[in-house]
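Q: Using only what follows, build the 3D model:
(chains A and B)
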Number of protein chains: 2
Amino acid sequence: MIAPEVEQDLAQLARAGRLPDLRERLRRIHPADVAEAVIDLPSREEALVFRALPRDKAAQVFAYLPSPHQEALIQSLSAEEVREVVSGMAPDDRARMLDEMPAEVTKRLLETLSPEDLEQSRVLLGYPENTAGRYMTPNYASIRPDMTAGQALEHIRRTGRGKETLNVVYMVDDQGRLVEDVRLGSLVLAEPSTPVREIPDPVLVAIPVHADRAEVLSTFQKYGRVALPVVDDDARMLGIITMDDVLDVAEQTATDEIQRLGGVETLDAPYAQVSFVSMVKKRAGWLSALFLGEMLTATAMGYYEREIERAVVLALFVPLIISSGGNSGSQATSLIIRALALKELRLRDWWKVMGREVAAGLTLGVVLGVIGLARIILWQHLHWKDYGPHYLLVAFTVLAALVGVVTFGTLAGSMLPFLLRRLGFDPATSSAPFVATLVDVTGLVIYFTMGSLILRGTLL
Amino acid sequence: MIAPEVEQDLAQLARAGRLPDLRERLRRIHPADVAEAVIDLPSREEALVFRALPRDKAAQVFAYLPSPHQEALIQSLSAEEVREVVSGMAPDDRARMLDEMPAEVTKRLLETLSPEDLEQSRVLLGYPENTAGRYMTPNYASIRPDMTAGQALEHIRRTGRGKETLNVVYMVDDQGRLVEDVRLGSLVLAEPSTPVREIPDPVLVAIPVHADRAEVLSTFQKYGRVALPVVDDDARMLGIITMDDVLDVAEQTATDEIQRLGGVETLDAPYAQVSFVSMVKKRAGWLSALFLGEMLTATAMGYYEREIERAVVLALFVPLIISSGGNSGSQATSLIIRALALKELRLRDWWKVMGREVAAGLTLGVVLGVIGLARIILWQHLHWKDYGPHYLLVAFTVLAALVGVVTFGTLAGSMLPFLLRRLGFDPATSSAPFVATLVDVTGLVIYFTMGSLILRGTLL
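A: Next up, the predicted model:
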C-alpha cells in the first residue's frame, strides 16, 4: 500500500521539476504502487512522474494502469516514448491494451510496433474474446525432451531472460508438441545428469486454446499451478497462462456473477467507460423482462379486487408480505447458487436441501409472523392506527400469510437453482430475478387465500 | 476434468479387488482428479481406491478432499494409515483440516502427529481465523544474504526437497529477519559468482502475520506474485503464503460478498455442514431487520388508506410499482459496489455518477412507464379487465409513478454505496437490502402522491 504522503511527495517533486530526486524516490517503489500513485495524480503530473521512470519500469507501470489512464498517457507522450513503453510490455498485456483502446489510438499504437511484435499481437487478438488464447503469452521457457537436468539449466540460463516466468519450463518436441512440463525447482533439485524426462512431476495439465474463461479459472483452481500451458487441437504448444492473469480473470468472473445477481446484463467494461446508451440498453432489457413478469401481480391483485374493496385493511400489508417472501427467497437462492458453484452441493442433493429449506422457511416464517402479529396488536392498543374491530383476525391473517409466503419463498429460492442447473442453464444467470417475480405473484395468492379463509363471515 | 468412464472404471476395479490394475490406473491421474473421482464414489469404494494410492499421493489426494469426506476416511482407515496420510500433508493444509474437524476427530488426529508436526500445527492454529497466520506454511526455502548465486543454488539443491515452493527463496539474516526475496529463475539466470543481494528483483513485499483475508488477497492481486512472505512486527520471517491458497481465499471472499448481497450473514462453512439452528439464526437476523424496515410500508399504506378506499384500482398496481423501484435500485447498487471494489470509481466520482444515474433512471422509468401504460390501455380495450371510466388517468398515474420510482430507485441504489463507503462501512455489506426497503417506502409515497395529483376531482 502506498502512503498518501508518498503520493504528495511525488507530486511535489514532479511540480518542482526535481527530476533526480523524483527518480531516486521512484526507484524504491514497486511498479504496482507507482501505478496507484500515478492514477491519483492530476494528469499533468501524471506524465511528469511517468517520464522520470527508467525504461523497463515505465513499461511495467504502464501495464498496471487502467485503460483510460493508458489512453491519456499515450496522448501526452511522444511517438518515440510510446514505442519504448509498448515494446517493453509483455505480449499478453500489449494485446489486451490494443483490444481495449479506441480504434484511432490502436491504429497509432500499431504503427509504433516492430514487425515481430505486430505479428504476435495479431495472433493473440485473433482468438475469440474471453478464451484461453486471449490470456496467454507466447513468451515461455522451453527445453528439449532429450536434455539432462544440467543441460536444461544451462539452456535456461542462456535463453531465459525476459520470459514471462521461469517457474515452469516446457519440454517441446521437434514438431512443436508439448511433451511435459517441469518445475524449475525440480530441475534444480535433480542430479545434473538426470534426463529431464525422468524428473518426476505431477501429471501434465494443459489448457486447450479455445477453452473459455470459466474453464481456465477452474483448471487453475483445481490444480493449484502457477502457470499452465496452452495447446491447440494437435497438442502443439502455443503459449502459457500465468496465475497473476488468472486472479484478474477470477475478479472479472466475480463481477459478472454479481452483476447478473443484481439483474444486469454483464457490462464487459468498467462502469465509467461504458457508453450511456449501451449501459441503459443492457439494464433496460432485464428491467423490462422483470416488469413484464411483475405485471402478473396486477392481474393477481385484480382478481382480489372485491376482497380489497370490502377489507381495505388487507391492502395495507401487501408490500410487507410480498417483500418478506422476496427477501427469504433471495437468501435461499444466494446460498444455494454459491454452494452449487463450489460443488459443496450436487444436483442429487436437491431432496435433502428441500427438506432442510422447508423447515428453515417455516421457522423463519413463524419468526416474522409473530413480529407482524405483535406489531398490529401493539399499534392497535397504542391507538397509533385503527385496524377495525376485527384487528385480531387481520393480525392472524398476516401471521398465517407470512408463514406461507416465507416458506414458499425459501422453497422456490432454493429449488430454482437446482432446476436451472438440471436444465443446463447457469443458475446464477437468472435465479434471483425469477424468484422475486414468482414469489411476488404467489405471495399475493397465498395472502388473499388466507384472508378469505380467516376473514370469511367477518370482514369478507 | 475426469471422464465419467474413468470414474466407473476405478469403481469397478476397486469392487473387483484388482489392486495392481487400480494402482496402474491411478498413477496416471492427477491427485486433484483422483479426489474428484473419490468424492463421487460410494463410501465403501472410496476407502478401497484411497488405499490403492502410493503414500505421498494419498496425502495429496486427501488434502484436496472436502472435510466431510476427510472425516469419513479418517473413520475408516487404520491409525497407522491415518498417521501416514496426515504426516504427508503440508503444514497449512493440516492445520486447516484440524480446525475444520469435529473435536473428537481432531483429538484422534493430534495423537497421530509427531511432536514437531504437533508443535507446528499448534503455532498455526494460534493465529486468529481469516488472518495471514492461518494461511501460511513455515515450509519455505531460505538462503543467507551473504551467499553467491552459485552457493544459493547449491544450498537449495541440498535443502529444498519437500518445501511448499521453490519458485521464490528468502534471504533471512541471523536474527531470522527477512532481508529480501529472490526468484529461483533470477538465481538461475545470474552469474554463479554474483552475490545474491545484488540480483535485481522487484521491491520486497511482505504480508504482516495479522493481516486479514482482504488484505492478503489484495496484496496478491496487486503485485501478481506466486508466493509472498509473512512477517511479524519485527520483520521476522514466519512463513509464506502461496498463490494456490490465495485462489481459495478469493473464492471464499466472493462467497461472502454474494451471501451478503443476498442478505445472509456469512455462513463461514459449507452449506451442508452448517447446523440447522445456526443457519436459521444467521438468516433470521437479517430477515427480521429487513422486516422491521419494511413495516414502514404498512405505515405508509395506512396513511393512504382513504385514497385506496375511494380508488381500489390504485392498490392493484402497488406490487408492480414498488418491485420496479426495487429492481432498478438493485441494478444500480450492484454496478456501483463492484466498480468501487475494483477501484474503477473513486469516492470523489459520486457527483459524475449521480448525473449519469439520474439520466439512466429517467430513461429506464420512461421505458417501463410506457409498457405499463400500454398494458392498462390494452387490457381495457380487450375487455380483459375493467379499470373504470377513468382508466386513462389511472394509466397516466402508473406511468408518472414508474418514472419517479425508477429514477429514485436508481439514484438511491447508486448513491448509497458511496455514502456507506464514505462513512467507513463496506458497501457490499448492506447496500442491497437497505436500498430495497428505502425504495419500497419511498415508492409508495411517490405513487400515491402522483395519484392524488392526477386523479384529484375524478377518482379521488
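Q: Check the gap between A:D92 and A:M136 for me.
A: 6 Å (Cβ to Cβ, to the nearest Å). Quick note: C-beta positions are derived from backbone N, CA and C, even for glycine.
Q: Give the intersection of the neighbour lists for these two.
A: Contact criterion Cβ atoms under 8 Å, 6 or more residues apart in numbering or on different chains; residues shared by A:D92 and A:M136: A:124, A:239.
Q: which one of these two has more residues nearby?
A: The residue with more neighbours, out of A:D92 and A:M136, is A:M136; 27 against 24, by other Cβ atoms under 10 Å in any protein chain shown.
Q: ok, the closest residue to that one other than its chain neighbours - contacts?
A: Nearest non-adjacent residue to A:M136, counting by Cβ to Cβ, 6 or more residues apart in numbering or on different chains: A:G239, 3.5 Å away. By Cβ under 8 Å, 6+ apart, the contact list for A:G239 reads A:92, A:136-140, A:229-230.
Q: measure A:G239 to A:S121 for me?
A: Distance from A:G239 to A:S121, counting by Cβ to Cβ: 13 Å.
Q: Can you pull out the low-pLDDT segments for the stretch 101-250 of chain A?
A: Within the stretch 101-250 of chain A, the segments meeting pLDDT under 70 span A:200-202.
Q: Residues of it that sit close to chain B?
A: When proximity is defined as Cβ under 8 Å from any Cβ of the partner chain, the stretch 101-250 of chain A approaches chain B at A:153, A:156-157, A:160-161, A:163, A:165-167, A:183-185, A:188-189, A:202-203, A:205, A:220-226, A:243-244, A:246-248, A:250.
Q: Give me the subset of these lying in strands.
A: If you go by DSSP state E, those have A:R183 in strands.
Q: Just the buried residues of the residues of the stretch 101-250 of chain A next to chain B.
A: Neighbour counting with 16 or more other Cβ atoms under 10 Å in any protein chain shown marks A:153, A:156, A:160, A:163, A:165-167, A:183-185, A:188-189, A:205, A:220-226, A:243-244, A:246-247, A:250 as buried within those.
Q: Can you pick out the ones from those that are in helices?
A: Cross-referencing those against helices under DSSP state H gives A:153, A:156, A:184-185, A:188-189, A:220-223, A:243-244, A:246-247, A:250.
Q: now, which of the residues you listed sits nearest B:D212?
A: Nearest to B:D212 out of those is A:L247 (Cβ to Cβ; 17.8 Å).
Q: how near is the closest one to A:T253?
A: 11 Å.
Q: Ok, A:A300 next?
A: Distance of A:A300 to A:T253, given as Cβ to Cβ: 37 Å.
Q: and if you look at A:T442?
A: Distance from A:T442 to A:T253, counting by Cβ to Cβ: 32 Å.
Q: Equivalent analysis for A:N167, please.
A: Relative to A:T253, A:N167 is positioned 24 Å away (Cβ to Cβ).
Q: Identify all residues paired with the residue nearest to A:M136 through a beta bridge.
A: Using DSSP bridges, the bridge partners assigned to A:G239 are A:V230.
Q: where exactly do the strands run in the stretch 251-400 of chain A?
A: Counting by DSSP state E, counting those that start in this stretch, the stretch 251-400 of chain A forms no strands at all.
Q: which parts of the stretch 351-460 of chain A sit against chain B?
A: Residues of the stretch 351-460 of chain A lying near chain B by Cβ under 8 Å from any Cβ: A:352-353, A:356, A:359-360, A:363-364, A:367-368, A:371-372, A:375, A:385, A:406, A:432-433, A:436-437, A:440, A:444.
Q: let's go with 10 Å and repeat that
A: Within the stretch 351-460 of chain A, the positions lying close to chain B (Cβ under 10 Å from any Cβ of the partner chain) are A:352-353, A:356-357, A:359-369, A:371-372, A:375-376, A:379, A:384-387, A:398, A:402, A:406, A:410, A:413-414, A:428, A:432-433, A:436-437, A:440-441, A:443-444.
Q: ok, of those, which come out buried?
A: By 16+ other Cβ under 10 Å, those give A:353, A:356-357, A:360-369, A:371-372, A:375-376, A:379, A:385, A:387, A:398, A:402, A:406, A:410, A:413-414, A:428, A:432-433, A:436-437, A:440-441, A:443-444 as buried.
Q: Out of the residues you listed, name the ones that lie in helices.
A: Among those, the members falling in helices are A:353, A:356-357, A:360-369, A:371-372, A:375-376, A:379, A:398, A:402, A:406, A:410, A:413-414, A:428, A:432-433, A:436-437, A:440-441, A:443-444 (criterion: DSSP H).
Q: who's in contact with stretch A:112-126?
A: Among residues not part of stretch A:112-126, those counted as contacts by Cβ atoms under 10 Å, 6 or more residues apart in numbering or on different chains are A:74, A:79-87, A:89, A:91-92, A:94-99, A:106, A:109-111, A:133-139, A:238-239.
Q: Could you rerun that using 8 Å?
A: Residues outside stretch A:112-126 that contact it (Cβ under 8 Å, 6+ apart): A:79, A:82-83, A:86-87, A:91-92, A:94-95, A:98-99, A:110, A:133-134, A:136, A:138.
Q: For the nearest residue in space to A:Y447 that is not next to it in sequence, give me its contacts.
A: Once flanking residues are discounted, A:Y447 sits nearest to A:A401: 4.2 Å by Cβ to Cβ, 6+ apart. Remark: with contacts taken as Cβ under 8 Å, 6+ apart, A:A401 is in contact with A:317, A:321, A:443, A:446-447, A:450-451.
Q: my guess is A:G160 contacts A:N167, does it?
A: No: if you go by Cβ atoms under 8 Å, A:G160 and A:N167 don't touch, sitting 11.0 Å apart.
Q: Which helix or strand contains A:Q70?
A: A:Q70 is part of helix A:67-76, with elements assigned from DSSP states H and E.
Q: Using neighbour counts, pick out the buried residues of that helix.
A: For helix A:67-76, the neighbour count (16+ other Cβ under 10 Å) marks A:67, A:69-71, A:73-74 as buried.
Q: Buried residues in stretch A:285-292, which are they?
A: Buried residues in stretch A:285-292, counted by 16+ other Cβ under 10 Å: A:286-287, A:289-291.
Q: For chain B, tell me which of those show up nearby.
A: Okay, of the buried residues of stretch A:285-292 touching chain B (Cβ under 8 Å from any Cβ), that's A:286-287, A:290-291.
Q: Closest one of those residues to B:E198?
A: Closest approach between those and B:E198, by Cβ to Cβ: A:W286, at 57.6 Å.
Q: so that closest one makes contact with B:S330?
A: No: A:W286 is not in contact with B:S330 according to Cβ under 8 Å; the separation is 10.6 Å.
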